[in-house]
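Peer 1: Got a predicted model here, sequence first, then my questions.
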Amino acid sequence: MSVLADLEALAAGAAAGTTHFNVHIDQLRSSVDPATARAAAVLILFGVLDSRPADFSAEAVPGDVDVLLVERAATLNDHPGQVAFPGGSVDASDASVVAAALREAEEETGLDPAGVRVLGALPPVGLPVSNFLVTPVLGWWDKPTPVDVVDYGESASVFRVPVADLLNPENRRTAVLPGRKGAPRTPAFLVNGVLVWGFTGIILSSLLDELGWTQPWDEGREIVPKL
């Protein structure tokens, strides 16, 4: 199967209620009260690397694609300086969580939503630190457009990370928060000169596991994030 077929199968499984994620996702899902948590959505956008032909999607394998990420501004109140998927709160004017994810992605990165093929929404995941219930929206970049920081008050950088770099066992770590007894250990990635950890690291790791793309890696290689 190709990458696109794998993603479509994952989205179909989510719609049918048969998608399963690992224990980290289960812990997050039960960590907030849906009745009081704020709704949010993020866009998990995969696309073919610029070095590959534009019509290559039908044959693409994991090493041929990348995923869009943003580094949040260090001045933000929630999760400052952390790497995240484009996204944010669902506004009253948003028609759906999908609409919210696309709107936020456009506002943060300047991408053209018309070039995004929405494959489906994954089960909502709790973000207890800021009391959000976040719906990951899975997308495929049919027509990639240039992306960059739109508002430096919101983002420090916008970048596309090759999935091959995420899968490379040399780039995998386990993030451990300093001085916090019983703090959760989360999957992490050292890519593009930054550490992807916490909520985004958990989602990425679980997604790669679910897709069957993960390569064996040493979970004993720990790293302490800078807070």
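Peer 2: Thanks, I have the structure now. Fair warning: this is a prediction, and the values are worked out from it, not measured in the lab.
Peer 1: ok, how many other residues are close to residue 227?
Peer 2: Neighbours of residue 227 under the rule other C-beta atoms under 10 Å: 10. C-beta: built from backbone N, CA, C; applies to glycine.
Peer 1: ok, now how distant is it from residue 85?
Peer 2: Separation of residue 227 from residue 85 (C-beta to C-beta, to the nearest Å): 20 Å.
Peer 1: got it, and residue 13?
Peer 2: 20 Å.
Peer 1: quick one: contacts for residue 227?
Peer 2: Residues near residue 227 by C-beta atoms under 8 Å, 6 or more residues apart in numbering: 177, 178.
Peer 1: Next one: it, what pLDDT does it get?
Peer 2: Here, the pLDDT recorded for residue 227 equals 71.
Peer 1: Output the below-cut-off pLDDT ranges for the protein.
Peer 2: Within the chain, the set of residues satisfying pLDDT under 70 comprises 21-24, 26-30, 54, 74-81, 179-183.
Peer 1: more neighbours, residue 13 and residue 85?
Peer 2: More crowded of residue 13 and residue 85, by other C-beta under 10 Å: residue 85, with 24 against 15.
Peer 1: wait, what's in contact with that one?
Peer 2: Applying C-beta under 8 Å, 6+ apart, the residues near residue 85 are 42, 43, 44, 45, 68, 69, 70, 136, 200, 203.
Peer 1: I'd like those as TSV, with distance to residue 184, neighbour count and secondary structure appended.
Peer 2: Output for the contacts of residue 85, formatted as TSV (distance: C-beta to C-beta, whole Å; neighbours: other C-beta atoms under 10 Å; DSSP: H, G, I helix; E, B strand; the rest coil):
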residue	distance to residue 184	neighbour count	secondary structure
42	20	27	strand
43	25	26	strand
44	21	22	strand
45	26	28	strand
68	26	24	strand
69	21	25	strand
70	23	26	strand
136	19	24	strand
200	14	23	helix
203	14	24	helix
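Peer 1: roughly how far apart are residue 103 and residue 42?
Peer 2: In terms of C-beta to C-beta, residue 103 sits 12 Å off from residue 42.
Peer 1: Can you list the buried residues in stretch 204-224?
Peer 2: Buried residues in stretch 204-224, counting neighbours by 16 or more other C-beta atoms under 10 Å, are found at 204, 205, 206, 207, 208, 209, 210, 211, 213, 214, 217.
Peer 1: where do the helices sit along the chain?
Peer 2: 3-16, 23-29, 97-109, 163-167, 198-211 (DSSP state H).
Peer 1: quick one, strands of the chain?
Peer 2: With DSSP state E as the criterion, the chain has strands at 38-48, 65-72, 83-84, 87-89, 116-121, 125-127, 132-141, 155-162, 172-175, 186-191, 194-196, 222-223.
Peer 1: Isn't residue 213 up against residue 163?
Peer 2: Yes: Residue 213 lies in contact with residue 163 (C-beta atoms under 8 Å); the separation is 7.2 Å.
Peer 1: Need the residues touching each of those two.
Peer 2: Residues within reach of residue 213 and of residue 163 at once, by C-beta under 8 Å, 6+ apart, are residue 62.
Peer 1: Relative to residue 157, how far out is residue 207?
Peer 2: In this view, residue 207 and residue 157 are 22 Å apart by C-beta to C-beta.
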